[in-house]
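below is the sequence, then the predicted model.
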Amino acid sequence: GLLGNNLVRTALEHGARVRALIRSANLPEALHGLPIETIRGDLDDLYALHQATDGVDAVLHCAGYVRIGWKELEQARQVNVIGTRNVAAAAHRRGVRLVHVSSVNSLALGRPGKPADETTPIADQVPCAYVVSKREADQVVRDEVAAGLDAVIVHPGFMLGPWDWKPSSGRMLLDVTKYRPLLAPSGGCSVVDVRHVARGVLQAAERGRRGESYILAGVDISYLDLWKAMARCAKVRGPIGRIGKVLGWSIGKGFDFRTRIAGAESEINGAALRMGAQFHYYSSHKAQRELGYAFGEVDDAIAAAWRWFGEYGYR
């Protein structure tokens, strides 16, 4: 994944020895040429997790099932909840620190001028499969901490940058520059270069307080301004306005009705439209103060992702 690839590279740059848990029999293209050890297995393979955690100083858990929609809750739980429980139990048995990578979507919502932090009461997040499963995964880790595990939870913002092989969040950049929509969602998000998040994960492993959560977000920006910045980077026409709440609600309902008829849920659905109308604005002050976390500018993160997509033939 996007964060996993950058985390491996950042750890190597800091002189760490890295062991990666991979699902495929062969080394993925994303890891070619890197001096790492690999263990083949999945999050439900307890023996592989036992092997993977043998002799390590820390377990960095950033595997996850990411899809915004109403459907596939059980698939999301299988990876995000049960998988996290297995990883946490393996780290606990070994007596090593776990850094669990969650998401800001498992926290409260912020708003313009008042970003949320780790203490903001949780309310108003869209209860889609991703949000529900990530919150449940966070609770799994907290339960294991109560039983003695040394763990820290980190909550990244909207990440952009290089090595986005799937692609994941970089899909937004590719779609905005390819389809050039006239209207952007009415909400906003906290954008951060994935490489800064990778450094933050390592800082959490070294300095984070046991049982604490840390937001690793970036610059709060509306989707309209973000999409305009993406268009500027690609030198294409950007959006000229926002999708109104009524129009967004109507589009979402239409796609949800289509899902009920067809069975398969589109990437455009009521949950995605509702989340796009919200302001996912967050403060990283706690991580900055306690971990030494830092982040850069939105344009730099966009440019890094755009260069990488160009180099690897995605555009």
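Sure, I can see it.

going forward, measure contacts between C-alpha atoms and count neighbours the same way
Will do.

quick one: secondary structure of residue 192?
strand (DSSP: H, G, I helix; E, B strand; the rest coil).

and it, what are its bridge partners?
residue 159 (DSSP bridges).

number of nearby residues for it?
28 (other CA atoms under 10 Å).

the helices in the protein, which residues?
Using DSSP state H, the helices of the chain run over 2-13, 46-52, 73-77, 84-94, 129-146, 170-179, 194-207, 223-234, 245-262, 270-276, 285-291, 298-311.

export these to CSV and tack on mean neighbour count, mean pLDDT and distance to residue 157?
Below are the helices of the chain laid out as CSV (neighbours: other CA atoms under 10 Å; pLDDT from 0 to 100; distance: least, CA to CA, whole Å):
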stretch, mean neighbour count, mean pLDDT, distance to residue 157
helix 2-13, 19, 96, 11
helix 46-52, 17, 96, 27
helix 73-77, 17, 96, 19
helix 84-94, 22, 98, 20
helix 129-146, 21, 97, 14
helix 170-179, 17, 96, 13
helix 194-207, 23, 98, 9
helix 223-234, 21, 98, 14
helix 245-262, 15, 84, 23
helix 270-276, 22, 91, 14
helix 285-291, 17, 98, 13
helix 298-311, 18, 98, 12
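
which one of those lies nearest to residue 156?
Closest of the helices of the chain to residue 156 is helix 194-207, at 6.6 Å (criterion: CA to CA).

so how far is the closest one from its chain's centroid?
14 Å (CA atoms, centre = their mean, to the nearest Å).

and that helix, what does it pack onto?
helix 2-13, strand 58-61, strand 97-101, strand 151-156, strand 158-160, helix 285-291 (3 or more CA pairs under 8 Å, 6 or more residues apart in numbering; DSSP states H and E).

okay, the helices of the chain in a markdown table with distance to residue 109 next?
Output for those, formatted as a markdown table (distance: least, CA to CA, whole Å):
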| stretch | distance to residue 109 |
| --- | --- |
| helix 2-13 | 23 |
| helix 46-52 | 34 |
| helix 73-77 | 21 |
| helix 84-94 | 24 |
| helix 129-146 | 12 |
| helix 170-179 | 21 |
| helix 194-207 | 20 |
| helix 223-234 | 15 |
| helix 245-262 | 17 |
| helix 270-276 | 10 |
| helix 285-291 | 16 |
| helix 298-311 | 20 |
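
closest one to residue 65 among the ones you listed?
The nearest among those, by CA to CA, is helix 73-77 at 5.5 Å.

what does that closest one contact?
65-66, 128-130, 133 (CA atoms under 8 Å, 6 or more residues apart in numbering).

turn the residues you listed into a markdown table, including distance to residue 41.
Listed next are the contacts of helix 73-77 as a markdown table, based on distance: CA to CA, whole Å:
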| residue | distance to residue 41 |
| --- | --- |
| 65 | 16 |
| 66 | 19 |
| 128 | 28 |
| 129 | 24 |
| 130 | 23 |
| 133 | 22 |
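
most widely separated two among the residues you listed?
65 and 128 (12.6 Å).

any common contacting residues for those two?
Common neighbours of residue 65 and residue 128 are not found (criterion: CA under 8 Å, 6+ apart).

what about stretch 54-73, how long is it end to end?
Start and end residues of stretch 54-73 are separated by 32 Å (CA to CA, to the nearest Å).

buried set for it?
Burial within stretch 54-73, assessed by neighbour count using 16 or more other CA atoms under 10 Å, is assigned to 58-73.

please name the nearest non-neighbouring residue to residue 129.
With CA to CA, 6 or more residues apart in numbering as the criterion, residue 129 has its nearest non-adjacent residue at 4.5 Å, and that residue is residue 73.

can you tell which of the helices and strands packed on helix 194-207 is closest to residue 237?
Using CA to CA, the helices and strands packed on helix 194-207 put strand 158-160 closest to residue 237, at 20.4 Å.

give me the helices and strands touching the closest one, please.
Under the contact definition 3+ CA pairs under 8 Å, 6+ apart, strand 158-160 sits against strand 188-193, helix 194-207, helix 298-311.
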